[in-house]
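> sequence first, then the predicted structure:
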Amino acid sequence: MKKIFLYILLFPIWGVVSAQKTEGVVHYEYQLNWIKMMKKLPFLTQEEKDRMENTWKNEENTKQKLNLYFNEKESLYTWGQDQQEYEGTEYKGRNEELLMHKNFELEKHNDMIEMSGKTYLLQDSLQKIEWKVMNQIKEVAGFICMKAVTEDKVKGQKITAWFTGDIPVASGPEQFHGLPGMILELDIDDGTLLIEATSVEFKKLEKELVLPKMKGKKINDKDFNDLISKYITDSIKMQRNPYWVIRY
């Protein structure tokens, strides 16, 4: 709490400049470093790591575009309109189903996520994330941001977020939220995955926040996390990379 208060002291004009900055879209670039990720998996054999490094040497960073539509009451995170399919130097295909909706008034989320070839509908309360706000600041997409850290205990990952009070909406990319401002950059495991805002458009949204018809198996957060934990455990036993089919 002291560091959040310090952040407010550093930027005393937030209440003025942020009054009209509560609706629009954040454009993100999602970069997953496959080689760095695989090197961090201790259960993979060196032969597997060498094979995968050779396979991905020309595509070390997979870059994809995602959008976060938001207002004061809700947000919706999904693929950019030009990113429904991907094409690289060696691979071409479609992106998995992905839509994450947060309703801040009702404190609920409604997500559609594809994992291991199946589509799941996660419907549950917004889970409280135990953030630790630090005193470092930097600029992201033209906004002054402050650092916060937490841990994904299901996947065992270190999470670093950079958020700005200039956009006073407690949302962000993927499942992350709950900070006193929009998360514009998300760093998972020291740069293995980097999700960075490239630009922010403040505008009146029309139908962007309307949920489409979604199909899939309904599940709550606990059961979905149990599925992820089991899949990771099974992958470790078989010395396979679990992140071929689950989001890093």
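Yep, that arrived.
> which residues in the chain form helices?
Using DSSP state H, the helices found in the chain span residues 2-10, 14-17, 34-39, 46-56, 221-237.
> can you list the weak-confidence ranges in the chain?
Applying pLDDT under 70 to the chain flags the ranges 1-20, 56-61, 82-94.
> follow-up on the earlier one: out of the helices of the chain, which is closest to Pro212?
Pro212 sits nearest to helix 221-237 of all the helices of the chain, at 20.3 Å, using C-beta to C-beta. C-beta: built from backbone N, CA, C; applies to glycine.
> let me see the contact set for the residue nearest the centre of the chain.
Centroid-nearest residue in the chain, with C-alpha atoms, centre = their mean: Glu174, separated by 2.7 Å. Glu174 makes contacts with 77, 100, 186, 195, 247, as judged by C-beta atoms under 8 Å, 6 or more residues apart in numbering.
> which of the residues you listed fall within strands?
Secondary structure from DSSP state E places 77, 100, 186, 195 of the contacts of Glu174 in strands.
> show me the contacts for the residue of the chain most remote from its centre.
Ranked by distance from the centre of the chain (C-alpha atoms, centre = their mean), the top residue is Glu47, with 30.7 Å. Not one residue lies near Glu47 by C-beta under 8 Å, 6+ apart.
> next one: Thr119
97, 112-113, 215-217 are the contacts of Thr119 under C-beta under 8 Å, 6+ apart.
> surely Asn71 meets Glu23?
Yes: contact criterion C-beta atoms under 8 Å: Asn71 and Glu23 qualify, at 4.2 Å.
> between these two, which contacts overlap?
The contact sets of Asn71 and Glu23 overlap at Leu205 (C-beta under 8 Å, 6+ apart).
> Pro212: how many residues sit nearby?
Close neighbours of Pro212, defined as other C-beta atoms under 10 Å, add up to 10.
> kindly report the same for Gly156.
Gly156 is flanked by 9 other residues according to other C-beta under 10 Å.
> quick one: the strands in this protein?
24-33, 61-70, 74-79, 85-87, 92-94, 98-103, 108-115, 118-125, 132-140, 143-152, 157-164, 182-188, 193-202, 217-219.
> out of these, which comes closest to Arg240?
Once those are compared by C-beta to C-beta, strand 108-115 is nearest, at 14.8 Å.
> between the helices of the chain, which one is nearest to Leu126?
Nearest to Leu126 among the helices of the chain is helix 221-237 (9.6 Å), distances taken as C-beta to C-beta.
> thinking again about what came up before, which one of the ones in strands among the contacts of Glu174 is nearest to Gln127?
The nearest member of these to Gln127, counting by C-beta to C-beta, is Met100 at 12.7 Å.
> now distance to Arg240 too, for the strands of the chain, in CSV please.
CSV is the format used below for the strands of the chain (distance: least, C-beta to C-beta, whole Å):
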stretch, distance to Arg240
strand 24-33, 17
strand 61-70, 19
strand 74-79, 26
strand 85-87, 22
strand 92-94, 19
strand 98-103, 22
strand 108-115, 15
strand 118-125, 18
strand 132-140, 33
strand 143-152, 20
strand 157-164, 18
strand 182-188, 20
strand 193-202, 19
strand 217-219, 23
